[in-house]
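A.B. asks: pasting the structure only:
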């Protein structure tokens, strides 16, 4: 049995967080995966996994090996993809990270459309509103809705995105309409804890600098959909992605305020790690998303 096969088995077990889960995911027996990992440990002369009946964890050596092994396997797969691409055969699995907000919104249809058009590529979609570490956690690509920050990742802009500061007409009647961001510090606000700024909301200042306002209120929740529902119910002001707020703004259930103070520069991006060989399947996926959003914006 070759080292690469054992290495893949070890990575599958780590990413599935257990032998049974990995066996179900890849269609191999638990006993076979256990054999491969044990042989790998014997070959290395080091324990990679702590095994008990109830717990599963990496040893220090296992953590180091997983990081490097994941990079090696991705490079091997990328090289194979490059060869397949030259023959017109693009297939495989893409491990994708995306926010629940993205998948639940109409723009999430882009993922379904890709899967329909590319049946030989499996989209392994992980929905999580936190910013995952693509390299550390073994993701091929992520779709992020945010302001683009400096990073070691490659980013391609898919489409525009803006945020809205919203409240219900009922709340505005009770508390008044803020005329400057600082007014929000004395008004009830709903905080989406997925945001990097948490309860410190940033706005355009009076000059070129931005201003940060600390807010508080009756609800803090890690879901923009729940924040939207709370705002519609009149519990407070909240910041929402434009594609979530749009229906309620159109119906009048929500009203946007301080539009001129909202920071610009946000967007929807596909981001992926720097690699010597960019997998053809990832490039096909990102190119598809770029075209999908461009077509949608032109409609």
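C.D. replies: Perfect, thanks for sending it. These numbers come from a predicted model, not from an experiment. Numbers count the residues shown, from 1 in each chain.
A.B. asks: looking at this, residue 235 is in a helix?
C.D. replies: No. Looking at residue 235 with DSSP: H, G, I helix; E, B strand; the rest coil, it is coil, so not inside a helix.
A.B. asks: That one contacts residue 221, doesn't it?
C.D. replies: No. Between residue 235 and residue 221 there is no contact under Cβ atoms under 8 Å: 10.6 Å. C-beta: built from backbone N, CA, C; applies to glycine.
A.B. asks: Residue 153 bridge partners, please.
C.D. replies: residue 273 (DSSP bridges).
A.B. asks: Find the residue closest to the residue nearest to the spatial centre of the chain in space, skipping its chain neighbours.
C.D. replies: In the chain, the residue lying closest to the centroid (Cα atoms, centre = their mean) is residue 98, at 3.1 Å. Leaving aside its chain neighbours, residue 98 sits nearest to residue 143 (4.4 Å; criterion: Cβ to Cβ, 6 or more residues apart in numbering).
A.B. asks: Run through the residues that contact the one you found.
C.D. replies: Neighbouring residues of residue 143 by Cβ atoms under 8 Å, 6 or more residues apart in numbering: 96, 97, 98, 99, 102, 158, 268, 269, 270, 271, 289.
A.B. asks: pretty sure the last one is touching residue 269, no?
C.D. replies: Right, the one you point to is residue 289. No. Counting by Cβ under 8 Å, residue 269 is not a contact partner of residue 289; they are 9.8 Å apart.
A.B. asks: Give me the common contacts of those two.
C.D. replies: With Cβ under 8 Å, 6+ apart as the test, residue 289 and residue 269 both reach 143, 158.
A.B. asks: So which residues make contact with the host helix or strand of residue 269?
C.D. replies: Element membership for residue 269 (DSSP states H and E) is strand 266-273. Residues from elsewhere that reach strand 266-273 (Cβ under 8 Å, 6+ apart): 102, 107, 134-135, 140-148, 151-163, 278, 282, 285-286, 289-290, 293.
A.B. asks: Just the buried residues of those.
C.D. replies: 102, 107, 134-135, 140-146, 153, 158-159, 161, 163, 278, 282, 285-286, 289, 293 (16 or more other Cβ atoms under 10 Å).
A.B. asks: Among these, which ones are in helices?
C.D. replies: In helices, judged by DSSP state H, the following of the buried ones among the contacts of strand 266-273 are found: 102, 282, 285, 286, 289, 293.
A.B. asks: secondary structure class for the residue nearest to the third one when sequence neighbours are not counted?
C.D. replies: By that I understand residue 285. With Cβ to Cβ, 6+ apart as the criterion, residue 285 has its nearest non-adjacent residue at 5.7 Å, and that residue is residue 94. Here residue 94 is recorded as strand under three-state DSSP.
A.B. asks: Can you name every helix or strand that the lowest-mean-pLDDT helix or strand in the chain contacts?
C.D. replies: Counting by mean pLDDT, DSSP states H and E, the weakest-scoring helix or strand in the chain turns out to be helix 60-86, with a mean of 80. For helix 60-86, the packing partners by 3 or more Cβ pairs under 8 Å, 6 or more residues apart in numbering; DSSP states H and E come out as helix 3-16, helix 280-298.
A.B. asks: Buried residues in it, which are they?
C.D. replies: For helix 60-86, the neighbour count (16+ other Cβ under 10 Å) marks 62, 65, 66, 69, 70, 73, 74, 77, 78, 81, 84 as buried.
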